[in-house]
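1. Show me the folded form of this:
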Amino acid sequence: MKNILMIHEPRESTISNINTWLASFPFSPSPSSPIITFDDGLYSQYLFFKKYKKEFTTWIQSGIRVIFFISTGLIRPKEIPPVSLTKHSSYCQEKFFKSFNKKDLDYFMSLDEIIELSTIAEIGLHGHYHINLNKLSKIETLKAIHSELKGMYSSELHKVLKPTSFCFPYNIYNNTYKILLKDIKEFYGAERVNIDTLNKD
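-> Reported below is the predicted structural model:
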C-alpha cells in the first residue's frame, strides 16, 4: 500500500477517510510511516486544520508527517479577506478552479496562516503559479521553470520557512526541477494516494 495521501479540497468525510486510511499502518516512526499531504494552500485546508488541530497534533506525535504544499505566487495578501465558506461542496471546488486560473487569491491561505500551520505541520513548495508544463513546448517549459524558481526563491514564504520538500504541480514529474532545486531533499507527485478515491460523499 502506498504510504502517502494526497488531499486538495477537504470534505465532510475527509477526517474519517484519513483515520480509516491511517488505521492500516503501524503507529511507529519508520521510513514507511504514513505521510498526509495537502496541495495548493487552499483556505478550506486552513479551516480544516483549525477544526481538527487536536487530530493533527496526535498524528504528528505518533510519527505521521503532515505536509502542506504551497504555490508561493498563490498566497492571499493580508488586505484581501478570505472567501466565505459555509460548507465544503462541489461549489467550493468549482470556485477554486476559477480562482486558480484567474489568480483570485481570496480562496488561498495568507502567509500568516501558513506560518501558523508550520508550528505543527511541515510546509513544502508547489511551484510559484502552479503551471501545467504539459501544455508547453520544451523551450517554453524551460522558461517557465526558471520563472517559477525565481518566484519561489524570492517569495516571503521561502525567506521565512525555507522548505525542503517539493511537490510537482499537477503531479507532472520534471527532471529539470529536480536538478535545479538543489536545496530540496524530497520530491512528491503521482505516487500518492488520492483521497478522492476514498471519499464516499
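2. make it CA atoms for all contacts and neighbour counts henceforth
-> Will do.
3. and residue 184, that's in a strand?
-> No. Read with DSSP: H, G, I helix; E, B strand; the rest coil, residue 184 is coil and lies in no strand.
4. what's the closest non-adjacent residue to it?
-> residue 164 (4.5 Å; C-alpha to C-alpha, 6 or more residues apart in numbering).
5. Isn't the one you found up against residue 183?
-> Yes. If you go by C-alpha atoms under 8 Å, residue 164 and residue 183 touch, sitting 6.4 Å apart.
6. Tell me which stretches of this protein form strands.
-> 4-7, 35-39, 65-70, 122-125, 165-167, 186-188, 193-194 (DSSP state E).
7. Nearest residue to the middle of this protein?
-> For the chain, the residue nearest the mean C-alpha position is residue 39 (2.3 Å; C-alpha atoms, centre = their mean).
8. Can you give me every residue that contacts the closest residue to that one other than its chain neighbours?
-> Leaving out its chain neighbours, the residue that sits closest to residue 39 by C-alpha to C-alpha, 6+ apart is residue 69, at 4.9 Å. Listed by C-alpha atoms under 8 Å, 6 or more residues apart in numbering, the contact partners of residue 69 are 37, 38, 39, 40, 41, 123, 124, 125, 126, 166, 167.
9. want to throw those residues into CSV with distance to residue 148 and pLDDT?
-> Shown next, in CSV, are the contacts of residue 69 (distance: C-alpha to C-alpha, whole Å; pLDDT from 0 to 100):
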residue, distance to residue 148, pLDDT
37, 21, 98
38, 20, 98
39, 17, 96
40, 15, 94
41, 17, 95
123, 17, 98
124, 15, 98
125, 11, 98
126, 10, 97
166, 12, 98
167, 13, 98
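10. Looking at this protein, which helix is longest?
-> Longest helix of the chain, by residue count under DSSP state H: helix 138-154.
11. which outside residues touch it?
-> 71-73, 125, 127-129, 131, 133, 158-159, 176-177.
12. Was I right to think residue 82 contacts residue 75?
-> No. The criterion here is C-alpha under 8 Å, and residue 82 misses it with residue 75 at 10.8 Å.
13. out of these two, which sits in the more crowded spot?
-> The neighbour comparison of residue 82 against residue 75 (other C-alpha atoms under 10 Å) goes to residue 75, with 29 against 17.
14. the helices in this protein, which residues?
-> Using DSSP H, helices in the chain cover 14-22, 43-51, 53-61, 90-102, 111-118, 138-154, 156-161, 175-180.
15. If residue 70 is in a bridge, with which residues?
-> Residue 70 forms beta bridges with residue 125, as assigned by DSSP bridges.
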